[in-house]
Structures are given as structure tokens and as C-alpha cells.
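Novice: Sequence first, predicted model second:
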Number of protein chains: 2
Amino acid sequence: MIQSISINEKTLTIHWQSGSDSTFHYIWLRDNCQSPKSLHPNGQRLLQTVDIPADIHPSSVQVIKEQSLEIVWVDGHQSSYSADWLYNHVYDMPLSGPNNEMQIQLWNCSVDINSLTFDYPEIISKERTLYDWLVAFCQYGVAFLKNVPTQLGAVENIVDQFGYIHETNFGRISDVKIVTNATNLTYTNDYLSPHTDNPYRDPAPTLMLLHCLSSDVEGGDSIIVDGFQVAEKLRQKNPKYFKLLASIPVNFCFSDPNVEISAEKTIIQVNRRDELTAVCFHNESLQPLRMDAELMGSFYDAYRTFFEMIMDVKNQVQFKLQPGQVYMVDNRRVLHGRTAFFNTDKRHLQGCYAGIDGLYSKLAVLKRHMIGT
Amino acid sequence: MIQSISINEKTLTIHWQSGSDSTFHYIWLRDNCQSPKSLHPNGQRLLQTVDIPADIHPSSVQVIKEQSLEIVWVDGHQSSYSADWLYNHVYDMPLSGPNNEMQIQLWNCSVDINSLTFDYPEIISKERTLYDWLVAFCQYGVAFLKNVPTQLGAVENIVDQFGYIHETNFGRISDVKIVTNATNLTYTNDYLSPHTDNPYRDPAPTLMLLHCLSSDVEGGDSIIVDGFQVAEKLRQKNPKYFKLLASIPVNFCFSDPNVEISAEKTIIQVNRRDELTAVCFHNESLQPLRMDAELMGSFYDAYRTFFEMIMDVKNQVQFKLQPGQVYMVDNRRVLHGRTAFFNTDKRHLQGCYAGIDGLYSKLAVLKRHMIGT
């Protein structure tokens, strides 16, 4: 693998047999020493990076059988790096994206939600089915379960399969049904336009689950929208609007007799590679906008255009959740809402929030099991 | 208050008696209509912003007794805004920062931690003391309690006073003591350099509490560092280093037989006003850095300089937590660590994470009680 190396003042360069070259700084190599003194078997660094002398450099460098790089440093410490490890940690190449099976699939009204629906008893009995359900969820930002017991609290058992409840002032679980004198529109029979939940928290919950216990009412259909699909469409159609929503923060607030929370964030969020990381949309709790007066008109145009696209039935999936069904959304990506409903006491859902870190962790561990490591 | 108004094409301008002028877009006024049809008493917007006609404008505008603005819109809808409300929502003025009592106080080794120490029995019996403790916490990013019962699980009762546990793979509560074959350095007797917890999560827990049950050991002192103070010092001393740490994301990872989590973020985080929002530092779980090779040398210089400042005793407070004492840190701001310790079975702390949204909400509600609203 390693054909040869060149020694430079602050770096060394590896010439790979494939013909390419990779440069490694001495400070980086010393900091990432793979010896048991420097690195715990669990991958935690035992070495205090700050203790490395600023002018660290090798007193000798050797390549053993093209397979490993052996360095003795001027302070006597020895490090050894396999060619494979170095090749996998070449640092000036862009990271490849998630593997194909985890890649984001944008969707609109034509998505087949049956293909995203899994059998709950199978999820809890077969690791492979749990894995497939979670992979579908990561791709689509939404996934469904059927045959969930219609018992109070069952939604918490679902979260137990892959992670942890994110408790809020609404409790570990909340009952979504009519409440007299509700201080939150969720607990009325009103129409709720598609939104992400709890934008007034920072951090907001990353996963939201809804479990249907009964739904024998007229109306009360669920509506979901892929916020990433709509945001990408906005970026194509009107990059200026996209940029306004991605750069000017707005304020969200919720308050009732026991709670008062607010948070400032942008409606569209991107990372430094301009990839979408979150959409945050909740017209009900959006506070009066503040910005330079000359931006206000354009910002409203952008906001209303985004809202129109969210309301466009071509971007929505509408369905009636039946008793025993659950849907889970990535609350950073997928908006959810519901139509108004009547004969009000017959609709009862239970919802909860959970953390996506536990879900990703579970997926990684299931994958280890499946590939037998 | 309102002296007069001018009507423009898309806006109206209020001339205040104080002599200043404020411009309001019609779309903004209509969207923020204060009538019961448009706004629920809980502050949630009942109106779908998207339904407002793009060319909305008044058919008549009237000022009543200098105290309120009355608009009849072309579609017949009527809105009324008090002069006070309008004055408080003028949108092109910078928002004033938090009121004085909540303003961030940067600190170093000379901070008096006694002044940040409150009596637990008083916290649970007096709203005012709970309020003062939480205010001190918001200012300093750290606060202490004494006279907490030395009972297993007591740390959870503290969180109950103001918010909600943030559960992770470490459980609702975790026992910080020696574990044979620990997969995490926390559960050894090793020195831990100051760090923020769980940077490999996104979102990471915002609050961390540690409760001492026993500490009759040699060593095992706690160390805390105000990450915001150190970051501001770095910004002054070397703006280039600050910018590198604030713009190039790094990867953190934790894995054990049951868990595998990673997250990419910058070590220093700022908002669009360049105010610090978070510091994220954990040398043990920092993964091999990836970036353009020409940045690597400077990035290491920046990282090591920041690390040196964190390790500078002038920036650290070291103390020995005694049985019945608790400290809580804002995990987005304050780093914590500990010295190594010996005769190992005598040190037992219990820790947990919680969400800062609940804390802010509790503060706001306590304030309402105190001012009698």
C-alpha cells in the first residue's frame, strides 16, 4: 500500500502504490498516536494534546513491509500506524456522504406510506426488522408502525426499542385529545397547519411519535410534509427567498400558566456545506418579526411562498391514523398537522418526544450485530 | 403617544410624540392582528399567514385618543393595536439584551464560589431562593447547592425543582465511581481535563449536575472553567485562532459495546451577532481532524492555544465537593473536570443531565409570581 514517504519540515507525505499522495502533519500524527498509552481501547484519547511540544518531529521514520508507518519521536515516544488506518484518515479529502442505504430520499404526495409501514410485533422480535424500520426512517424522516397495542403508554415502549424519551413540560407522554379551556391548540378540535413541534425550545426535540388509541371521528386526518423536499424546491425556485429564511432568525414562543419558553432560530438551517440540517416552522407560535424595515417585505414574501409550498397538496400526504398505528417524524425535517374534527370525544392519540442520538446509536449497534463484529 | 401617522404604499409610519418615527408593513400589521379571531389568549396565532392576500392594505386607518391604531382592511377585517404594543414591537430596532439581573458574568479563578452556593432546603421551600439560585446560574453558568440529602437519586429531586431530566445511554442518573473494565474514563480514577459533556450528541445535554455522596479520598478535586471567558480572551488575543475554532467543524465520537454516537460541530459557536452561544471541548473524544492540509497547522496552533488557556490555573476553579454538595453547569458554556484520586472506593458522585429550556421557563414563571401577574 505505502510505496514510499518524503520527509518535510512540519509534515510527511505518503506516496501510495495507487499513485496518489497524502500529507500528514507531525502534530496530527503525534496527536493521533494509536498506541495503548495514547488511546484507550474504547477510542478515547488518553494523551493531552496540549502536552505535545509545539515543534514535535520524528527522529526516525520507517515503513514496514508497505503496511505500517513506524515513528520514533524526538522525545523517545514511539508510534505505529497501519497503512489502512492512515488511508482511511487522509484528512484533506472531502468526507464521503452517508452510505447509500442511509441517504436522504426527498418525497412528496406520491410517496407510498405502506412501504414505510412496519409490523410492531416484528420490530420487537427481530433485530433485522427494527434495523430496516430505522433505516427507512432515516431516509424519509418519517416511518409508520401497525399492530401496536392500543394501551395507554404503549408509545413509550416503542421508544424503548431504540432510544430515550425527551421529557418536556408536556410530560413524558402527552394525551392529544380535547381538553376544556385548552391553553394549547393541540388539545382542541381545530385544524393544525403542518408544523415542526416545539420550535420555542433550544434544543427542540428531534423525534416526535404519535400513537392512535381511537379515531372514530369525522375529520382528524393526519398531514405530513417533507420539509427538506419543500426547502430544496424553494432553493431551486427562488434562491433569494431560501437565503432570507436561512439567514434571518425569528422568534418562537409558548406560554401558559405554568410555562414560558422562547427561542430564536432561522426557519431553514444549513451547515457550512450548505446542506439542510433543519427546518423549523410553526406559524402559531411565531412571534412578531423583527428585522431591518427594508428586509421585512421580502422576508414576508419568502415566508409566505414557503408556507404556500407547505400547504400545496402536491407536497402533502394525508391519512387517517387508525387505532394501533403509530407514526414517527424527524422533527428537524418533517412537518406534521391535522385536519379539524367533530364528535370530539372519540379521538385519542398519545404522543411523545425522543432523542435522535439514541436512534442513530441503536442503528450503528444493530449494524455491528448484523455484520458480526 | 401617537402624534400622527403617514400612509405609504406598502407601509404606514407612526410619528410618536417623543419625536421618533416607526414604519410598519401592512402585511406585518395584518399578520399580527391582536383581535380574538386572529390571536388565541395564549398568544398562539389563529390566522394562517399564508391566507393574507399579498396586496393587503387598509381601507381606513384611524388613531383613537393617541392610544390606539384602528385599521379596517379592504377585506372588511378589523384590527386594533394599542400604542404601547406597537411601541414595544417596533421591528427595526436592535432587541435590547437580557435585563441586568440575567446578564452573563465572565469569571476566572478569582470568582467566589460561596456567593454561588445556596441552601437546598431553602430552595425547595422558598420560591425567592430558587429564583436567586437560577439567576446566579444564568449569570455564571455554574451554581452550587449545599445540604442536599446524601441519598441515592437525590440529584433527580433537584432537577424536579426546575425542569426535566435529559436521559441518555448513561441512564436518567449515572453513578460516577470506579467501575472495573470501565468503557468510559469517567468511571476510572484518572485525571479528566476540563471538558463539556457528550459533545458527540447533537443536541448535547444543556445542563449537567453532580451530587456528592462520599468523597473521602486523596485527590478527586473538581475543576471548572468558564469556557466563555476563555473564548473571549482568545478572541481578543488572537482573532484568527478564534475564527478557526468557530468555523471549522470537528468530529466527536463515543462508542462502547452498546453505544455508538458521533456528531460534527465547531469548538466555539457564535450567533449571527457574533455572540458566544456554545463552547464544545472534549479532547478525549475528539476524532482525527479533517480539513484542508494548509489549514491543519494553524488549526492545531489555535486548538492548543485554547487548550493551554483552559489548563491555565488562572482560568480554573478547583474545589473538593463534599457529601451533600451539588454543582450544576451550563454544559454549553462551563467546562468541568477532576484531578486523579486514590483509595478508590470512597468516592461516589451521582450525575445527571437536564434541559435548560425547563430552567428558563421556571425562571420566567417564578418572575411572574414575584411581580404578581
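Specialist: That came through fine. Numbering: from 1, shown residues only, chains lettered A, B, ... in the order given.
Novice: in chain A, what secondary structure element scores lowest on mean pLDDT?
Specialist: Among the helices and strands of chain A, strand A:174-176 carries the lowest confidence by mean pLDDT, DSSP states H and E, at a mean of 91.
Novice: Any part of it near chain B?
Specialist: No - judged by C-beta under 8 Å from any C-beta of the partner chain, strand A:174-176 stays clear of chain B, getting no closer than 13.0 Å. Every residue, glycine included, has its C-beta placed from N, CA and C.
Novice: List the strands paired with that strand, with their directions.
Specialist: Applying DSSP bridges to the sheet, strand A:174-176 is found paired with strand A:347-354 (antiparallel).
Novice: List the contacts of the strand it pairs with.
Specialist: By C-beta atoms under 8 Å, 6 or more residues apart in numbering or on different chains, the list of residues contacting strand A:347-354 from outside reads A:152-156, A:159, A:163-168, A:172-178, A:189, A:197-198, A:205-217, A:220, A:321, A:331, A:341.
Novice: just stretch A:314-324 next, same as before
Specialist: Here stretch A:314-324 makes contact (C-beta under 8 Å, 6+ apart) with A:107-109, A:111, A:113, A:146-150, A:194, A:210, A:212-215, A:220-226, A:229-230, A:233, A:309-310, A:327, A:339, A:349.
Novice: Same question for stretch A:278-286.
Specialist: Stretch A:278-286 has contacts (C-beta under 8 Å, 6+ apart) with A:185, A:192-197, A:199-200, A:204, A:227-228, A:230-231, A:250-254, A:265-269, A:306-307, A:310, A:332-333, A:335, B:43-46, B:48-50.
Novice: Please convert the buried members of the residues you listed into PyMOL selection syntax.
Specialist: To isolate the buried ones among the contacts of stretch A:278-286 in PyMOL, judged by 16 or more other C-beta atoms under 10 Å in any protein chain shown, type:
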select buried, (chain A and resi 185+192+193+194+195+196+197+199+200+204+227+228+230+231+250+251+252+253+254+265+266+267+268+269+306+307+310+332+333+335) or (chain B and resi 44+45+49+50)
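Novice: In helices, which of the contacts of stretch A:278-286 appear?
Specialist: Under the assignment DSSP state H, the contacts of stretch A:278-286 contribute A:G227, A:F228, A:V230, A:A231, A:F306, A:F307, A:I310 to helices.
Novice: export the residues you listed to TSV and tack on pLDDT and distance to chain B?
Specialist: Output for the ones in helices among the contacts of stretch A:278-286, formatted as TSV (pLDDT from 0 to 100; distance: C-beta to the nearest C-beta, whole Å):
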residue	pLDDT	distance to chain B
A:G227	98	15
A:F228	98	17
A:V230	98	13
A:A231	98	16
A:F306	98	9
A:F307	98	4
A:I310	98	8
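Novice: Max pairwise distance over these: which two?
Specialist: The largest separation in these, counting by C-beta to C-beta, is between A:F228 and A:F307 at 16.0 Å.
Novice: hey, where'd the strands end up in the stretch 201-350 of chain A?
Specialist: Secondary structure of the stretch 201-350 of chain A, counting by DSSP state E, counting those that start in this stretch: strands at A:207-215, A:222-226, A:250-256, A:259-265, A:268-270, A:276-279, A:316-319, A:326-330, A:334-338, A:347-354.
Novice: Kindly reformat these as CSV and extend each row with mean pLDDT.
Specialist: Output for the strands of the stretch 201-350 of chain A, formatted as CSV (pLDDT from 0 to 100):
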stretch, mean pLDDT
strand A:207-215, 96
strand A:222-226, 97
strand A:250-256, 95
strand A:259-265, 95
strand A:268-270, 97
strand A:276-279, 97
strand A:316-319, 98
strand A:326-330, 98
strand A:334-338, 97
strand A:347-354, 95
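Novice: export those to TSV and tack on distance to B:P239?
Specialist: Below are the strands of the stretch 201-350 of chain A laid out as TSV (distance: least, C-beta to C-beta, whole Å):
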stretch	distance to B:P239
strand A:207-215	39
strand A:222-226	41
strand A:250-256	29
strand A:259-265	25
strand A:268-270	25
strand A:276-279	27
strand A:316-319	47
strand A:326-330	37
strand A:334-338	40
strand A:347-354	39
